[in-house]
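got a structure for you, letters missing:
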C-alpha cells in the first residue's frame, strides 16, 4: 500500500519494538519504555533535513569548524494525552526543543475531535514543528491538530505516529496534503468503532494503564 507524502520508517529496531508493542500481554511499564525508545529512533529520520549552519569552535587541541542547528528551536507538539508517551523520547534526542500541547478527544458517537486545550510556545514563525500522536486512525483529530498548529504560522510541520490506517491517511491528506506523515506501519483498516486493525489497542490506555 503506497501513499504520496507518507514515509514508512522500517528500520529493524523500530520494527522489532513495534512488534512487542502490539502484543496484548506487554506490560504498561514495558509499553511506555518501548514507546520512548521508538520515538527517539523515529526522530532521527524526521530530523534528517533540519537546517544547519557552520560555526567556529575550539577543540582541546586546535580551532575547528562544526555544524549546528540553524535558526529558532524545533517545537514538539504533543496531541494529548497519548502524544505525551512519545514526547520524552524525542526530547532526549532534542533536549533544547520547545514543547506545545493540544488537547483533543474523540466524540464516541460522531468520531469527530473536540478541543479542550491549546498551548504553544511564543514566536512560532520560522520554527519547524513535529506533531506527535501514536495513532492516525480516522484522521480527524490529526487534521484538527495540524489546522490549529498552522494558525501559528510555523516554517514547517511534520506528523509522526506509531500506526496509521489507510482511512486516516486519506482524511488527513485531504486537508493537509503538503504535511508529510512518518510512521513505522500502515495497518489494514479501521473497525466499526474507529480503531486501527490489527493495531495495538488504545495507545493512551496502554501507556497509562487506565484499562
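Received the coordinates, thanks. Source: prediction; values computed, not measured.

The strand ranked longest in the chain: which residues count as buried?
Among the segments of the chain that qualify as a strand by DSSP state E, the longest is strand 98-106. By neighbour count with 16 or more other CB atoms under 10 Å, strand 98-106 contains the buried residues 98-104. Glycine gets a C-beta too; all of them are placed from N, C-alpha and C.

Specify which member of those residues is nearest to residue 17.
For residue 17, the closest of those turns out to be residue 99, at 23.2 Å, with distances computed as CB to CB.

tell me which element the closest residue to the closest one other than its chain neighbours is part of?
Across the structure, with CB to CB, 6 or more residues apart in numbering as the measure, the residue nearest residue 99 apart from its sequence neighbours is residue 76 (5.2 Å). Counting by DSSP states H and E, the element that carries residue 76 is strand 75-80.

Just the angle for that strand relative to strand 98-106, thanks.
Between the direction of strand 75-80 and that of strand 98-106, the angle (axes from the mean of the first three to the mean of the last three CA atoms, to 10 degrees) works out to 20 degrees.

roughly how far is the next helix or strand along the chain from strand 75-80 from the heart of the chain?
In the C-terminal direction, the helix or strand that comes right after strand 75-80 (DSSP H and E) is helix 84-93. Averaging C-alpha coordinates over helix 84-93 and over its chain gives two centres that are 10 Å apart (CA atoms, centre = their mean, to the nearest Å).

Flag every buried residue along helix 84-93.
Of the residues in helix 84-93, those buried by neighbour count under the rule 16+ other CB under 10 Å are 84-87, 89-91, 93.

Among those, which one sits closest to residue 168?
Out of the buried residues of helix 84-93, the one with the shortest distance to residue 168 is residue 86. That distance is 16.6 Å, counting by CB to CB.

for that closest one, what are its contacts?
With CB atoms under 8 Å, 6 or more residues apart in numbering as the criterion, the residues that contact residue 86 are 35-36, 39, 78, 132-134, 160, 162.
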